[in-house]
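> Here is the input, now give the coordinates:
(chains A and B)
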Amino acid sequence: MNLWLVLAGNSIAFGGLLFLLSAGFSLIFGLMRIPNLTHGSLFMLGAYFGASLIAWGFGFWPAAIAAGIGVAILGGLIERLLLRRLPGAELAQVLVTLGLSFMIADLCLMGWGGDPIEIATPPALRGATLISTAAFPTYRLAVIAVAVVIAVGLWVLLDRTRLGAMIRAGVDDPAMARVVGIRVSRLFTIVFCLGAGLAGFAGVIGGPILSVYPGLDQDMLPLALVVVILGGSGSLVGSFVGSFVVGFLYNFGQAMLPELAYVVLFLPMLVVLVLRPQGLFGRAAA
Amino acid sequence: MRRLALALSFVVLASLPFWVANDYYINIAAQILLYAVFALGLNVLVGYGGLVSLGHAGLFGIAAYAGAIFINGGAGHLLAVFGALVVTVATAAVFAVLALRGTGLGFVMITVALGQILWGVAYRWISITNGDNGVSIATRPSPFGLSLANAAGFYWATVLVFLAAVGTIAIFVGSPFGASLRGTRDQPRRMNALGYHVWMIRFLAFLFSGLWSGVAGMLFLYYNQFVSPQVVALGASAEALLMVIAGGTATLLGPVTGAALVVIMKNVASAYIARWNLVLGAIFVVIVIFMPEGLVPGSVRLWGWAAARFYPRQGEPGPSARQQSGA
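Numbering: from 1, shown residues only, chains lettered A, B, ... in the order given. Presented below is the predicted three-dimensional model:
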């Protein structure tokens, strides 16, 4: 029985991590209409930044935040310098993000080598916490807490602020948002920075669980895709629910059917696609 | 003139092993043709159907895997090739039913996800696919007693398959069905209003595209006598798409040029630098941003633009020259 509890706990922690990754992916997809295929690379890049910063003597949390800011700046540059040149050509934008993801992966391999790099768990969160009868790694509880805090923060941002209202307007109807005087192109940059920063931050937060290795980007990107297809693009609730569903599928799939873990992961997505193409919480495309 | 050019290129293709003595170059030529078949197949969907698939390496790879597994299971080569193609077309049908739930970006995303499933299966389902170590086969086939074991023999077999691919795809594109496929690309709603079954046209195009991807996958298997999950990875799909886009979509020559470009670049780049992915990514970004219509027309346009910009002719302002050469 304890095994199931631990597995469930791990699934929730992993789901929290996925939420950090996919919330930005979902917002970018919702607003800019492009699946940002660099998102896995930005996650990996954040993790490498964090690992280096920690090696230079930064604390874990400052390193995570600094890595997030660094990746956010890079994301802003990508949006401003490359994607901006292809207005309205979503397909070309996707292909650019794909090309960039190869470049980032190769540059990471050049810069950090091919060996996995461990990111040490911050000292205060080592060990286990006892929840009723199950001993549970403290760090994973902290990941869940961080994910919840950021989820609430994002919800407040999107639902309670002027900027959030503008982003929601942009997601719902970009043309009309422009007409009423919202600078949608500036929103693109803001949302891209925000999403990239969250992905980079998530990379460091995920470090003690996943470590960092070449190919991490290719492992994470499909998960973000599944979350967004399941939850529906541009929907915060959708990516929240989707993340935990995928967290459970991924962990239980690996524990019970390790050879077919990927099939277990993707089958529900296909079912959703067939029955409800816009995703569980998405709105039908206009 | 056109026939002369065709005949000439056929003669060059067929006689290549006689005037290129080095096996290394013959093998590269075989690789180019093999990937050209793949790119031509993908181009049916991307160029003529307007449906960008980033999961086609899955179809290419499943043919190679299925062929290898059949051969290692004791099937003859003929049966294995046939079986592998049946498996590929069946997979393509499943892909098509799911991916055609969306068009545009939805289609791209679903094909990425489907490709990743196949990659995951190839990588993780160790009891069947041998995981990361891949599957190898012992021999190449000897159709009609002709051995394909040496470079020239394999090259000629590849030329035959390549010509078959070019021929059928040319017929396909020129047929009324090809015209209706282009119609669904440009004006799906009008096509629908005219009474065409848009979904079915796209579905059949997907199957046709999948069939040629599978043929290319079998060629790949016989060329390398080995297949591993890398063949199915997203990078492989992207490479194929790069071939199509780099050469120019919706043309017959474009994918062939693109395949030649990528294969040669890959061999040259890997001889000098170990960073092929970096080069691939950079080419991708540059082509998409500066020459979205493909390398050949793109260079012509850029040349015209540069010429107009830096050497403006008398009485002809730069911008209008740019428009003329861009038209």
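> Next, the buried residues of stretch B:220-237.
Residues B:220-225, B:227-229, B:231-237 are the ones in stretch B:220-237 that count as buried (16 or more other CB atoms under 10 Å in any protein chain shown). C-beta coordinates here come from the backbone N, C-alpha and C atoms, glycine included.
> Only the C-alpha atoms, please, for that stretch, written as CSV.
The C-alpha trace of stretch B:220-237 is given here as CSV (Å, rounded to 0.1, in the frame of the first residue of the first chain):
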residue,chain,number,x,y,z
PHE,B,220,17.4,2.7,-45.5
LEU,B,221,17.2,-0.7,-43.7
TYR,B,222,18.9,-2.4,-46.6
TYR,B,223,21.5,0.3,-47.0
ASN,B,224,22.6,0.3,-43.4
GLN,B,225,21.5,-3.3,-42.5
PHE,B,226,20.6,-1.7,-39.2
VAL,B,227,17.9,0.5,-37.6
SER,B,228,17.9,2.2,-34.3
PRO,B,229,15.5,4.6,-32.4
GLN,B,230,17.5,7.6,-33.8
VAL,B,231,15.9,7.0,-37.2
VAL,B,232,12.5,7.6,-35.6
ALA,B,233,13.4,10.7,-33.6
LEU,B,234,12.0,14.1,-34.0
GLY,B,235,15.3,15.2,-35.4
ALA,B,236,14.9,12.8,-38.3
SER,B,237,11.5,14.1,-39.1
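> Tell me where the chain has strands.
Went with chain A since none was named. A:128-131, A:134-137 (DSSP state E).
> actually it's chain B I care about, not the one you picked
Under DSSP E, chain B gives strands at B:135-136, B:226-227.
> got a markdown table for those, with distance to B:A246 and mean pLDDT too?
Formatted as a markdown table, the strands of chain B follow (distance: least, CB to CB, whole Å; pLDDT from 0 to 100):
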| stretch | distance to B:A246 | mean pLDDT |
| --- | --- | --- |
| strand B:135-136 | 30 | 83 |
| strand B:226-227 | 25 | 88 |
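> okay if I get those as TSV plus distance to chain A?
Below are the strands of chain B laid out as TSV (distance: least, CB to the nearest CB, whole Å):
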stretch	distance to chain A
strand B:135-136	15
strand B:226-227	18
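> now A:F252: how far from A:G70?
35 Å (CB to CB, to the nearest Å).
> What about residue 186, how many residues nearby?
This is for chain A. 11 (other CB atoms under 10 Å in any protein chain shown).
> my bad, the chain I had in mind was chain B
For B:D186, the count of nearby residues is 9 (other CB under 10 Å).
> Give the closest residue to it in space, chain neighbours not counted.
B:G50 (7.5 Å; CB to CB, 6 or more residues apart in numbering or on different chains).
> thought B:V231 was touching B:H56?
No. With contact defined as CB atoms under 8 Å, B:V231 does not count as touching B:H56 (11.5 Å).
> which residue ranges form the helices in the stretch 151-286 of chain A?
A:162-172, A:174-179, A:184-210, A:216-231, A:236-256, A:261-275 (DSSP state H, counting those that start in this stretch).
> among those, which is nearest chain B?
Across those, chain B has its closest neighbour in helix A:261-275 (2.5 Å, CB to the nearest CB).
> Briefly note if the closest one comes near chain B.
Yes. Interface with chain B: helix A:261-275 contributes A:261-263, A:265-266, A:269-270, A:273-274 (CB under 8 Å from any CB of the partner chain).
> Stretch A:168-182 now?
No. Between stretch A:168-182 and chain B, judged by CB under 8 Å from any CB, nothing touches; the nearest distance is 14.5 Å.
> Quote the end-to-end distance of that stretch.
This stretch, stretch A:168-182, spans 11 Å end to end (CA to CA, to the nearest Å).
> Tell me which residue of chain B lies closest to chain A.
B:G120 (2.5 Å).
> Spatially, what comes nearest to that residue if we skip its sequence neighbours?
Once flanking residues are discounted, B:G120 sits nearest to A:Y262: 2.5 Å by CB to CB, 6+ apart.
> B:H77 too?
B:H77 sits nearest to B:P141 (CB to CB, 6+ apart), 3.6 Å away.
> So what does the one you found have for phi and psi?
Here is the backbone geometry of B:P141 (degrees, to the nearest 10): phi -70, psi 160.
> if we can go back for a sec, okay if I get the helices of the stretch 151-286 of chain A as TSV plus distance to B:L8 and mean pLDDT?
Shown next, in TSV, are these (distance: least, CB to CB, whole Å; pLDDT from 0 to 100):
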stretch	distance to B:L8	mean pLDDT
helix A:162-172	56	85
helix A:174-179	52	86
helix A:184-210	51	90
helix A:216-231	44	85
helix A:236-256	56	87
helix A:261-275	49	78
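> Could you tell me how many residues sit around residue 88?
Since no chain was named, I'll use chain A. Count around A:G88 with other CB under 10 Å applied: 7.
> The intended chain is chain B.
29.
> okay, it: pLDDT?
B:T88 is assigned a predicted lDDT (pLDDT) of 94.
> any idea how far it lies from B:V46?
For B:T88, the distance to B:V46 - CB to CB - is 18 Å.
> ditto for A:G70
Going from A:G70 to B:V46 by CB to CB gives 36 Å.
> next one: A:A13
For A:A13, the distance to B:V46 - CB to CB - is 40 Å.
> Report the rounded mean pLDDT for the top helix by length along chain A.
Ranked by residue count, the top helix of chain A under DSSP state H comes out as helix A:2-32. The average pLDDT within helix A:2-32 is 85.
> Also compute the angle for it relative to helix A:236-256, please.
140 degrees (axes from the mean of the first three to the mean of the last three CA atoms, to 10 degrees).
> So what's the gap between helix A:2-32 and the chain middle?
Computed by CA atoms, centre = their mean, to the nearest Å, the chain-centroid distance of helix A:2-32 equals 8 Å.
> by contact count, what packs against it?
helix A:39-55, strand A:134-137, helix A:138-160, helix A:162-172, helix A:184-210, helix A:216-231, helix A:236-256 (3 or more CB pairs under 8 Å, 6 or more residues apart in numbering or on different chains; DSSP states H and E).
> neighbour-wise, which of A:G70 and B:V46 wins?
Each of A:G70 and B:V46 has its neighbours counted (other CB under 10 Å); B:V46 has more, 25 against 19.
> List the contacts of the more buried one.
Listed by CB atoms under 8 Å, 6 or more residues apart in numbering or on different chains, the contact partners of B:V46 are B:52-53, B:241, B:244-245, B:249.
> Within range of chain A, give me the residues from the stretch 1-150 of chain B.
B:52, B:54, B:98, B:101-102, B:104-106, B:108-110, B:112-114, B:116-117, B:119-121, B:123-127.
> if you look at those residues, which of them are in helices?
Judged by DSSP H, helices contain the following of the residues of the stretch 1-150 of chain B next to chain A: B:98, B:105-106, B:108-110, B:112-114, B:116-117, B:119-121, B:123-124, B:126-127.
> Quick one: buried ones out of those residues?
Buried among these (16+ other CB under 10 Å): B:98, B:105-106, B:108-110, B:112-114, B:116-117, B:119-121, B:123-124.
> what does stretch B:33-42 contact?
B:53, B:56, B:60, B:155, B:158-159, B:161-162, B:165-166, B:169, B:208-213, B:215-217, B:219-220, B:223, B:240-241, B:243-244, B:247, B:252, B:255-256, B:258-260, B:262-263.
> burial measure for the residue nearest to B:D186, as a count.
B:G50, neighbours per other CB under 10 Å, totals 20.
> so it makes contact with B:Q187?
No. Counting by CB under 8 Å, B:G50 does not reach B:Q187; the two are 10.5 Å apart.
> Who are the contact partners of the residue nearest to B:H77?
Taking CB under 8 Å, 6+ apart as the test, what B:P141 contacts is B:77-78, B:81, B:148, B:222.
> Quick one: mean pLDDT for stretch A:130-149?
83.
> I should have written stretch B:277-295 there, sorry.
79.
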